[in-house]
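Q: Predicted model and sequence follow; I will ask about them next.
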Amino acid sequence: MNTMNSTVLPRAVPELLPVPAEAHPVVCSIAGVGTAVPESSYSQQEVLDLYQVTDPRIRSVFLNSAIDRRHLTLAAPGPDGRPADESQGALLRKQARQGVVLGAAALDACLADSGHTYADIGYLCCVTSTGMLTPGLTALLITELGLSTEVSRLDVVGMGCNAGLNALNAVTGWSLAHPGRLAVMLCVEVCSAAYVFDGSMRTSVVNGLFGDGAAGVTLVSMPAATAAPGPRVLRFASHIIADSLGAMRYDWDEQSGKYSFFLDRDVPYVVGAAAADVIGRLLRGTGLRRSDIAHWLIHSGGRKVIDSVRVNLGLTRHDVRHTTAVLREYGNVSSGSFLFSLQRLKREGVARPGEYGLLMTMGPGSTIETALIRF
């Protein structure tokens, strides 16, 4: 039986997991995880060749990104051989079409991993930051897949790369309030539906970093004595770096007539410098130190972001092996990146019962989100 050790986590159960009338507190477990990507993938060199990029500065951004390949949904070639320019309307249609395809595939994968079916779903949360859809992905998926029309749902839109943990916090709360019922969170990011190719350094930084992908988790809450296998979600901590509000933003580009994402070059250093503080608050009162965390699952935000966080937290390259591998193989898949790492850790099979893991995502705000889990 995997129970809390009160000598290690004093008062953690009553503080984090409300104790009902039963003899054992309810705990929330991640029962399954699954991911999905488009079939089409490209090396960085292939993307440069497709778009006929010759500017040495832009080529350097792509080729020095620590990314080997990304899965992208690109337009068919135009008369000049380059992928045709897509209007904002075409990009939104791509978001809806590919979002449903990727979301359904990730949903199937995480349900299969936990041994559940569509009929088991009581709550569905969909996260995306790559296109504004109304109705949202939850409604589109319920209709497309024939899920129960009584499923409770939540769409988290526009929060950025950190949003997966914001949503996991909300989904964990629903799960704890509905023991025995299945909650699902999907992060569905069609990043190629947010691309603007105008030859500027602003858009090139984004175009050379993000990839399309979806990831999902299933959550089930049960009394501790009968809890489902899988890591237990213990607590969350958030931090907004208010003086860098505009460092990461998705806004309207008048010149292109489209929405465009902007990343300030100082983002890695701002995020790295603040990482220790939010983790300190996450661990406060638990009796744990950073050295007690066995598994680190950090958002694959980019080479410089990963390096800055690693240095500021005193982590080894082995600690962030899954984070860097996800970046190398998929690029930054936004809000679902940390779940790609969680899936890799699960398949690796090295996490032992009782060990602690830390989830970290970063995004606009600038925001750092964290969660503590126990295997």
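A: Received it, and whenever you're ready, just let me know what you need. Residues are numbered from 1 along each chain as shown.
Q: Over to the residue nearest to Asp55 when sequence neighbours are not counted. Which of the three states is it?
A: Nearest residue to Asp55, sequence neighbours excluded (CB to CB, 6 or more residues apart in numbering): Gly199, at 6.9 Å. Glycine gets a C-beta too; all of them are placed from N, C-alpha and C. For Gly199, the assignment made with DSSP: H, G, I helix; E, B strand; the rest coil gives coil.
Q: for the chain, what spans make up the strands?
A: 26-36, 41-43, 69-71, 121-128, 152-157, 182-189, 213-223, 232-240, 248-253, 258-263, 293-298, 356-363, 367-374 (DSSP state E).
Q: Is it possible to get CSV of these that adds mean pLDDT and distance to Ser60?
A: Output for the strands of the chain, formatted as CSV (pLDDT from 0 to 100; distance: least, CB to CB, whole Å):
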stretch, mean pLDDT, distance to Ser60
strand 26-36, 97, 30
strand 41-43, 97, 15
strand 69-71, 98, 17
strand 121-128, 98, 30
strand 152-157, 97, 33
strand 182-189, 98, 25
strand 213-223, 97, 25
strand 232-240, 96, 32
strand 248-253, 76, 22
strand 258-263, 74, 16
strand 293-298, 98, 25
strand 356-363, 96, 24
strand 367-374, 97, 28
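Q: my guess is Pro231 contacts Ala351, does it?
A: Yes. Judged on CB atoms under 8 Å, Pro231 makes contact with Ala351 at a distance of 7.5 Å.
Q: Find the residues that touch each one of these two.
A: 357, 375 (CB atoms under 8 Å, 6 or more residues apart in numbering).
Q: neighbour count winner among these two?
A: Pro231 (27 against 18; other CB atoms under 10 Å).
Q: That one - nearest residue in space that isn't next to it in sequence?
A: In space, Pro231 is closest to Ile373, 4.2 Å off (CB to CB, 6+ apart).
Q: show me what contacts that neighbour?
A: 30, 231-234, 356-359.
Q: Domain map for the protein?
A: 34-226, 231-374 (automatic domain parsing).
Q: Can I get those in CSV including distance to Val26?
A: CSV is the format used below for these (distance: least, CB to CB, whole Å):
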stretch, distance to Val26
domain 34-226, 5
domain 231-374, 11
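Q: Please name whichever of these is nearest to Pro25.
A: Closest of the domains of the chain to Pro25 is domain 34-226, at 5.7 Å (criterion: CB to CB).
Q: State the distance spanning the first to the last residue of that closest one.
A: 24 Å (CA to CA, to the nearest Å).
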